[in-house]
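Engineer: only geometry, no sequence info:
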DNA sequence: GAGCCAATAGTCAGGGTTGACTAATCAGAG
DNA sequence: CTCTGATTAGTCAACCCTGACTATTGGCTC
């Protein structure tokens, strides 16, 4: 117990990491950050809504990672408060990003939860649903692929789309797994379907 | 706009789906559910803490998916309130589980966020971090593999570990992607490192 | 037979997140 | 010139979640 356990971050929302990362390039006001996020990412990699951005900036300010710099006003528009990174904020940004890259985190994808409960369905129904899943996975894969190709051929360096390539890799793995799972259930030699069906009858009257 | 958009579930926490699924087999009190979850899943597939379980049961009761059945007392222990599924709850359980199996959801894995911001690091540092990631992925994969093999050889049907097989498939895909990414950066012919480094200098003074 | 830890059973304050709301300005249609 | 809808900019209440806390019983050791 002498080792300090990775003490949790003061602001854990990943949107905060994005804010810190954008502020590395200079002070910004929240609305500007919101616009940059919409243009660069549009909620594909980092979940955010308009309102959550303001919350997160407040939290970062309270934690001392950013500081209010000035309050400007243009025309009759509401005031805009410009925030800048503090030294602590710069440190937090580097540290956090490094941690996320080098340390695979335990996640809770929804399909994992579904699989852990799938015994509650009848095997025949499960197979039907899994087949439909394959179709959806193909559709989603095609969409992502098209998006990447379109953006790259518009002159953007692939580095800025590497997160979409990763997503594609996960979709492909999901597809392969789902296909394998279907086979394991339906295999006429030693498929799981009969045992599963018997188990299912005992559960469900 | 005549089509109704998939109206969001009244209780969206996945722990609630687990509770509904366990209650299919008969009425239970919260502590019993808590124990079952710890034994069957131990937080690997469905995130839960002791406290969140009680919250979720309350929410399910308010939404009409479960109903208080009786309050028993044994010895000097606190009262235990037993909950049972309602018809609406049974319907919600089936509907929700089906949806999760057939419809791949858009998720926000932490590594996706990290990749979308990785340009903020110097390419040399990124490569170092990605190499360490490979090691961690191997470790985690080996752990999951050992867990599966141990449990199966203790007589448990592999169906009850299918979510761990899925996790393993994702880990393998992550590994393959990470290796490919490192190569793309470091390739001496046309690697991204030089362009990345130039971009990085313009960002960071 | 006193002391201590693990298990049983549940509550609750504080903080985080969501989505709806306000309100002004500007560009373009008619 | 007026109306409409999009964009700019931000607030807020309601809900949700986490982690810490209370309190009793049973089993084990010394």
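Structural biologist: Cool, the structure landed. Please read all numbers here as calculations on a predicted model, not as lab measurements.
Engineer: drop to CA atoms for contacts and neighbour counts, all remaining ones
Structural biologist: Will do.
Engineer: Please, which helix or strand holds residue A:189?
Structural biologist: For residue A:189, there is no helix or strand it lies in under DSSP states H and E.
Engineer: For residue A:94, which non-adjacent residue is spatially closest?
Structural biologist: residue B:121 (8.0 Å; Cα to Cα, 6 or more residues apart in numbering or on different chains).
Engineer: looking at it, the one you found is touching residue B:200, isn't it?
Structural biologist: Yes: contact status for residue B:121 versus residue B:200: in contact at 7.4 Å, counting by Cα atoms under 8 Å.
Engineer: helices and strands around the top helix by length along chain A, which ones?
Structural biologist: Ranked by number of residues, the top helix in chain A under DSSP state H is helix A:123-153. On a contact count with 3 or more Cα pairs under 8 Å, 6 or more residues apart in numbering or on different chains; DSSP states H and E, helix A:123-153 meets helix A:162-186, helix A:193-203, helix B:87-102.
Engineer: between those, which one is nearest to DNA strand C?
Structural biologist: With Cα to the nearest atom of the strand as the criterion, DNA strand C lies closest to helix B:87-102 of the helices and strands packed on helix A:123-153, at 16.9 Å.
Engineer: Whether the helix or strand following the closest one contacts chain A - can you check?
Structural biologist: The C-terminal neighbour of helix B:87-102 among helices and strands, as given by DSSP H and E, is helix B:110-117. Yes: for a cut-off given as Cα under 8 Å from any Cα of the partner chain, helix B:110-117 has contacts with chain A, namely B:110-117.
Engineer: for chain A, what are the low-confidence residue spans?
Structural biologist: A:1-7, A:71-79, A:204-205 (pLDDT under 70).
Engineer: Tell me the secondary structure at the residue nearest in space to the middle of it.
Structural biologist: The residue lying closest to the centre of chain A (Cα atoms, centre = their mean) is residue A:45, at 5.0 Å. Put simply, residue A:45 is coil when judged by DSSP: H, G, I helix; E, B strand; the rest coil.
Engineer: returning to what we had before: in CSV, list the helices and strands packed on helix A:123-153 along with distance to residue B:147.
Structural biologist: Formatted as CSV, the helices and strands packed on helix A:123-153 follow (distance: least, Cα to Cα, whole Å):
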stretch, distance to residue B:147
helix A:162-186, 19
helix A:193-203, 22
helix B:87-102, 24
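Engineer: and of these, who's closest to DNA strand D?
Structural biologist: Taking those one by one with Cα to the nearest atom of the strand, helix B:87-102 is closest: 14.9 Å.
Engineer: Which secondary structure elements does that closest one sit against?
Structural biologist: Against helix B:87-102 (3+ Cα pairs under 8 Å, 6+ apart) you get helix A:110-117, helix A:123-153, helix B:14-23.
Engineer: and residue A:191, helix, strand or coil?
Structural biologist: Reduced to three states by three-state DSSP, residue A:191 is coil.
Engineer: right, so of the helices and strands packed on helix A:123-153, which gets closest to residue A:93?
Structural biologist: Among the helices and strands packed on helix A:123-153, helix A:162-186 comes nearest to residue A:93, with 18.6 Å by Cα to Cα.
Engineer: Check which helices and strands the closest one is in contact with.
Structural biologist: helix A:123-153, helix B:110-117, helix B:162-186.
Engineer: Most tightly packed of those helices?
Structural biologist: Mean neighbours per residue, mean count of other Cα atoms under 10 Å in any protein chain shown, is largest over those for helix B:110-117, with a mean of 21.
Engineer: For chain A, list the residues in contact with DNA strand C, please.
Structural biologist: Residues of chain A that fall close to DNA strand C, judged by Cα under 7 Å from any atom of the strand: A:10-13, A:47-52, A:55-56, A:59, A:75-77.
Engineer: same thing but 10 Å
Structural biologist: A:9-16, A:47-56, A:58-60, A:62-63, A:74-78 (Cα under 10 Å from any atom of the strand).
Engineer: Next, the residue nearest to residue A:94: phi, psi?
Structural biologist: Per-residue torsions, residue B:121: phi -100, psi 160 (degrees, to the nearest 10).
Engineer: can you give me how far stretch A:179-197 is from the chain middle?
Structural biologist: In terms of Cα atoms, centre = their mean, to the nearest Å, the centre of stretch A:179-197 is found 32 Å from the chain centre.
Engineer: got the end-to-end distance for that stretch?
Structural biologist: 20 Å (Cα to Cα, to the nearest Å).
Engineer: So what touches it?
Structural biologist: Residues outside stretch A:179-197 that contact it (Cα atoms under 8 Å, 6 or more residues apart in numbering or on different chains): A:119, A:122-124, A:127, A:130-131, A:134, B:159.
Engineer: which among those residues gets closest to DNA strand C?
Structural biologist: For the contacts of stretch A:179-197, the nearest to DNA strand C is residue A:119 (25.0 Å; Cα to the nearest atom of the strand).
Engineer: Any idea how many residues pack against the closest one?
Structural biologist: Residue A:119 has 18 neighbours, counted by other Cα atoms under 10 Å in any protein chain shown.
Engineer: right, and it touches residue A:200 too?
Structural biologist: Yes: counting by Cα under 8 Å, residue A:119 does reach residue A:200; the two are 7.1 Å apart.
Engineer: coming back round to it: could you dump the residues of helix B:110-117 next to chain A to TSV with distance to DNA strand D?
Structural biologist: Formatted as TSV, the residues of helix B:110-117 next to chain A follow (distance: Cα to the nearest atom of the strand, whole Å):
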residue	distance to DNA strand D
B:110	15
B:111	19
B:112	20
B:113	19
B:114	21
B:115	24
B:116	22
B:117	22
